[in-house]
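Colleague: Okay, predicted coordinates and the sequence, questions at the end:
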Amino acid sequence: MTKVGVLVCLVIVAMDAVAGILGIKAEVAKNKVTVHMRLTRNSGCKEPSPEAFKLGLAAAVLQALAHIVANLLGGCMCICCTEELERSAVNRQLWFACLILSWIVVAIGFPMLVIGMLENSKSRESCGILHNHFLLIGGLFCFLHSLFCIAFYVSATTVRFANETNNTLDQISSHHP
């Protein structure tokens, strides 16, 4: 994999890791408000956590950006080397499996972050579903998403890198008798 490929992988991991950390911090911020309300004997749960809302929003945006970057760059790599990908059944299967799994993880994690964020966007008469840990679970899915996106991107770039290496070796061997 090239230096650019390594940089792209690091950016994707960084975005997903920060999104995961922000999701977990949002859960902690939400729990601080819930504990404070229980200590003051306010059972109405009327105060959302603005900090949890902001952190949840940031986590959701970062996860979406990481997913878009991975799919755009990984998809472009696969479009550029369609012939090589078709010749390599293992890489094609790995690429496709990682693509599907990254979409499944985003389809679960992103809505959880959004639901957790929206829980903290306005006052509520009752706690309702506030006891669920949507922000925490969404944050953990961000870490899982980074693994699948990296595997997706690496499987896409491996085919191209292997093809370039083979072409270089063929050129070297054709120049020597």
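Modeller: Yes, it's here.

Colleague: you'd agree residue 110 is up against residue 63?
Modeller: Yes: counting by C-beta atoms under 8 Å, residue 63 is a contact partner of residue 110 at 5.8 Å. Glycine gets a C-beta too; all of them are placed from N, C-alpha and C.

Colleague: which of the two has more neighbours?
Modeller: More crowded of residue 110 and residue 63, by other C-beta atoms under 10 Å: residue 63, with 29 against 20.

Colleague: what sits against the residue nearest to residue 115 when sequence neighbours are not counted?
Modeller: Distance criterion C-beta to C-beta, 6 or more residues apart in numbering; nearest residue to residue 115, sequence neighbours excluded, is residue 134 at 4.8 Å. Going by C-beta atoms under 8 Å, 6 or more residues apart in numbering, residue 134 touches 112, 113, 115, 116, 119.

Colleague: Could you list the low-pLDDT ranges of this protein?
Modeller: Scanning the chain for pLDDT under 70 picks out 1-2, 34-47, 74-89, 123-131, 159-177.

Colleague: again, only using 80
Modeller: The model of the chain has pLDDT under 80 over residues 1-6, 33-48, 73-93, 95-96, 121-132, 152-177.

Colleague: Please, where are all the helices along it?
Modeller: Counting by DSSP state H, one finds helices in the chain at the ranges 3-39, 50-80, 82-87, 89-119, 134-175.

Colleague: re the thing from before, most neighbours among the contacts of residue 134, please name it.
Modeller: residue 113 (32 neighbours).

Colleague: Okay, that one and residue 97: tell me how far apart.
Modeller: 24 Å (C-beta to C-beta, to the nearest Å).

Colleague: Name all residues that make contact with the closest residue to residue 32 other than its chain neighbours.
Modeller: Once flanking residues are discounted, residue 32 sits nearest to residue 49: 7.1 Å by C-beta to C-beta, 6+ apart. Going by C-beta under 8 Å, 6+ apart, residue 49 touches 26, 29, 30, 32, 33, 120.

Colleague: Isn't the fifth one up against residue 50?
Modeller: In other words, residue 33. No: with contacts counted by C-beta under 8 Å, residue 33 stays clear of residue 50, the gap being 9.1 Å.

Colleague: between the two, who's got more neighbours?
Modeller: Neighbours per residue (other C-beta under 10 Å) separate residue 33 from residue 50, with residue 33 holding more: 18 against 12.

Colleague: Leaving out the residues flanking it, which one is nearest to the more buried one?
Modeller: In space, residue 33 is closest to residue 49, 4.2 Å off (C-beta to C-beta, 6+ apart).

Colleague: does residue 140 really touch residue 17, like I thought?
Modeller: No: counting by C-beta under 8 Å, residue 140 stays clear of residue 17, with 11.6 Å between them.
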